[in-house]
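> Coordinates for the following, if possible.
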Amino acid sequence: MADQKRVMRVLRQGDLDAIVAIDAFATGEPRREYYERKIAGILNRAANINTSIVCEIDGKVVGFVMGYVFFGEFGIADGTATIDTIGVHPDFRHFGVAAEMLDQFMMNMKAAGVKKVYTLVNWDDFALEKFFKANKFAPSKRINLEYELP
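The predicted model follows:
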């Protein structure tokens, strides 16, 4: 793994198949329509910058981070960003790919003037919580509220 060239770059439309395949390993099902809509939304957001990145190793997409930048939403005056999706192909897990993508994402956010980056983790997803904690994330002072429709 050490001799393989890693390239971090902005997400492109052509990354769809690789992202769907990586996600299918984690979820157990291909969510092509979801990612078609998601990538179209990311690439067509005229009022926002494309913050989503992929990691290529030897020309193959092996991981991705998707997120958004916000300026003023939810009454937050400073620029903020969210990470809503992160994935790494199983063959490339535990080699620092996710951490390297996260570092690149954070550098991009800092350059964009973002002050805080938020994400959500299911309360019982201990592996993902541990990953984010190891990468300096901490519980937010904001409360995530939900309402279940009857």
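> okay, the longest helix along the chain in CSV with CA atoms only?
In the chain, with assignment by DSSP state H, the single longest helix is helix 97-111. C-alpha atoms of helix 97-111 as CSV (Å, rounded to 0.1, in the frame of the first residue of the first chain):
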residue,chain,number,x,y,z
VAL,A,97,-7.4,6.5,3.3
ALA,A,98,-10.4,7.9,5.3
ALA,A,99,-8.1,10.0,7.5
GLU,A,100,-6.2,11.4,4.6
MET,A,101,-9.5,12.3,2.8
LEU,A,102,-10.7,13.9,6.0
ASP,A,103,-7.4,15.9,6.2
GLN,A,104,-7.8,17.1,2.6
PHE,A,105,-11.5,18.0,3.3
MET,A,106,-10.5,20.0,6.3
MET,A,107,-7.8,21.9,4.4
ASN,A,108,-10.3,22.7,1.7
MET,A,109,-12.8,23.9,4.3
LYS,A,110,-10.2,26.1,6.0
ALA,A,111,-9.4,27.7,2.7
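> Point to the residue nearest the middle of the protein.
Geometric centre of the chain, nearest residue: residue 65, 2.6 Å, by Cα atoms, centre = their mean.
> Can you list phi and psi of that residue for me?
phi -130, psi 130 (degrees, to the nearest 10).
> pLDDT weak spots in this protein?
The model of the chain has pLDDT under 70 over residues 1-3, 45-48, 72-77.
> Apply 80 and report the result again.
Low-confidence segments of the chain (pLDDT under 80): 1-4, 45-50, 70-79, 142-146.
> need the strands for it, in chain order.
Per DSSP state E, the chain carries strands over the ranges 6-10, 53-57, 60-71, 79-88, 114-119.
> The last one: which residues count as buried?
Neighbour counts using 16 or more other Cβ atoms under 10 Å place 114, 117, 118, 119 of strand 114-119 among the buried residues. C-beta: built from backbone N, CA, C; applies to glycine.
> Can you give me every residue that contacts the third one?
I take that to be residue 118. 80, 81, 82, 83, 140, 142 (Cβ atoms under 8 Å, 6 or more residues apart in numbering).
> any idea how far residue 87 is from it?
Distance of residue 118 to residue 87, given as Cβ to Cβ, to the nearest Å: 18 Å.
> How about the last one?
Relative to residue 87, residue 119 is positioned 13 Å away (Cβ to Cβ).
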